[in-house]
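In: here is my input, please return the structure:
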Amino acid sequence: MTLTDVALLVLIFLFLLYAVYDEIIMSARNGKTLLRVNLRRRNKIDSLIFVALLAILAYKNITDHGTAFTTWLLCTLAIIVIYVFYIRWPKLLFKAEGFYYGNVFILYSRIKNMNLSEDGYLVIDLEKRRLLIQVARMDDLDDILKFFVEHQ
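Out: The predicted structure is shown next:
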């Protein structure tokens, strides 16, 4: 097994670990999920470039008569990347004591101010940081408002 194969195996393992954390573990941590809101996908061009680079590497490996194992690893990584960037939705999970945004749990007590911008961003001011949250559907902003009214 070459160093390239080891690096590909590590990347595949890390992407799978992230996917399991994002889909299963995060939903179960810090209590029951009270509201789940899909967020708008970002960085579509960057992820397309990454998938294209993986395709170029697989093509180069095939034309240079590289090992079949490396080709399979590249294809597996491309499939996982397509899932993570294009099939899976980034989400906002509201729990009883806080919410998950960007896979980080934020307590409600850290919220100093909340606003809604004209272009559909939910702006949440924390102690030292500002979160700009853009939901996939505008109706979800009403659900978030109802959630905060009912649970605060």
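In: now do stretch 95-111, average pLDDT.
Out: What stretch 95-111 shows for mean pLDDT is 87.
In: going forward, begin numbering at 46 instead of 1
Out: Sure thing, new numbering starts at 46, so read that last one as stretch 140-156.
In: any buried residues in that stretch, and which?
Out: 140, 143, 144, 145, 146, 151, 156 (16 or more other Cβ atoms under 10 Å). In short, each C-beta sits where N, CA and C put it, glycine included.
In: ok, the residues you listed vs residue 77, which is closest?
Out: residue 140 (7.1 Å; Cβ to Cβ).
In: for residue 187, see how far away that closest one is.
Out: Noted for residue 140: a distance of 20 Å to residue 187, by Cβ to Cβ, to the nearest Å.
In: for residue 59, what are its contacts?
Out: By Cβ atoms under 8 Å, 6 or more residues apart in numbering, no residues touch residue 59.
In: so which strand or helix has it?
Out: helix 48-65 (DSSP states H and E).
In: check the offset of stretch 99-118 from the chain's centre.
Out: 28 Å (Cα atoms, centre = their mean, to the nearest Å).
In: quick one: mean pLDDT over that stretch.
Out: 89.
In: sorry, back to before: in TSV, list the buried residues of stretch 140-156 along with distance to residue 130.
Out: What follows is the buried residues of stretch 140-156, written out as TSV (distance: Cβ to Cβ, whole Å):
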residue	distance to residue 130
140	26
143	26
144	23
145	19
146	18
151	24
156	29
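In: residues making contact with the longest helix along the chain?
Out: Longest helix in the chain, counting residues (DSSP state H): helix 89-108. With contact meaning Cβ under 8 Å, 6+ apart, helix 89-108 is reached by 111, 112, 115, 116, 119, 120, 122, 123, 126, 127, 130, 131.
In: mind listing what's buried in it?
Out: For helix 89-108, the neighbour count (16+ other Cβ under 10 Å) marks 92, 95, 96, 99, 102, 103, 106 as buried.
In: farthest-separated two in those residues?
Out: Across these, the longest distance by Cβ to Cβ is 21.1 Å; it joins 92 and 106.
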